[in-house]
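Student: Predicted structure and sequence below. I'll ask about it afterward.
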Amino acid sequence: MFFENRKQKKFDQLNAEQRLGASLITVTKPNDTVSEQFRTIRTNIQFSMVDQDFKTLMFTSSAVWEGKSTVAANVASVMADLGLRVLLVDADMRKPTVHKTFNLEGNTQGLTSLLTNRDLSLTDTIQFVQEANVYILPAGPTPPNPSELLGSNRMQEVMQELEELFDLVIFDTPPILAVTDGQIIASRVDGVIVVVREGVAEKNNVKKSKELLDVVNANVIGAVYNGADAKKTHGYGYGYGYGYSYGEGEKQ
């Protein structure tokens, strides 16, 4: 009972944090050790590009509250530090947070608007955040059919337009196990990174997520291990594939 209460308290805290938007520590505290960890993640992503120049990346997780939006936003920021034109797309139309993270006014126009109104242009919906040097495409109004919109031919057209305009396009998508939205985007991007949060992610869920990504032939280039003991890892880590080792008795 004590363990369940403690875990529920943690979930309540994470839910409250999610409503406020992700933490953009690489902008507010660029010299922090956690910011340095994001630069390490950036370096490892660059190593993944040795044989292929990735234009599109996607961040997801197996379930909610694992920090995918935080990781996506901060990776976008450190990628922009390299002089790249980086666009962060909020493809989580069900629980969008990117506009909150970057303090954008409202969420009245965005990806949904582009997909449903051909009279709109990219310049009508994309915003530039000077402090982070990152371009943002918010999710826009919540539609009744997110999966259908993301799987549409119009979405394919928009993605091609974005690839022509930007050096790197990063998609923040819903958790893989929650809805099919993530799988749809995963089948269309160059690389997928899964965020796994200590104390939240469950081993079977992570395995199931990998299986679902394999079904759509997604190119999973690695995983970010989030929320580990800060004294040991500074909170973030990066690993290739899913070769995690679980000792006997572990509850992951």
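Tutor: It's in.
Student: Quick check: Phe128 is in a strand.
Tutor: Yes: when classified by DSSP: H, G, I helix; E, B strand; the rest coil, Phe128 is found to be part of a strand.
Student: Can I get the helix or strand hosting His99 in PDB? Just the C-alpha atoms.
Tutor: Per DSSP states H and E: His99 is located in helix 98-101. As requested, C-alpha coordinates have been extracted for helix 98-101 and formatted as PDB (Å, rounded to 0.1, in the frame of the first residue of the first chain):
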ATOM      1  CA  VAL A  98       4.800  22.400 -27.000                       C
ATOM      2  CA  HIS A  99       3.000  25.700 -27.100                       C
ATOM      3  CA  LYS A 100       3.100  25.900 -23.300                       C
ATOM      4  CA  THR A 101       6.800  24.900 -23.200                       C
END
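Student: pLDDT on that helix, on average?
Tutor: When the per-residue pLDDT values of helix 98-101 are averaged, the result is 90.
Student: and the next element down the chain from that helix?
Tutor: Assignment by DSSP H and E places the next element after helix 98-101 at helix 111-116.
Student: Any stretches of the stretch 1-150 of the chain with poor pLDDT?
Tutor: 1-22 (pLDDT under 70).
Student: brain fart, the stretch 151-252 of the chain
Tutor: The model of the stretch 151-252 of the chain has pLDDT under 70 over residues 201, 228-252.
Student: before we move on, the earlier item: distance from the helix holding His99 to the middle of the chain?
Tutor: Taking CA atoms, centre = their mean, to the nearest Å, one finds helix 98-101 lying 12 Å from the centre of the chain it belongs to.
Student: Of all the residues in that helix, which ones are buried?
Tutor: By neighbour count, and taking 16 or more other CB atoms under 10 Å as the criterion, the buried residues in helix 98-101 are 98-101. C-betas here are computed from N, CA, C, even on glycine.
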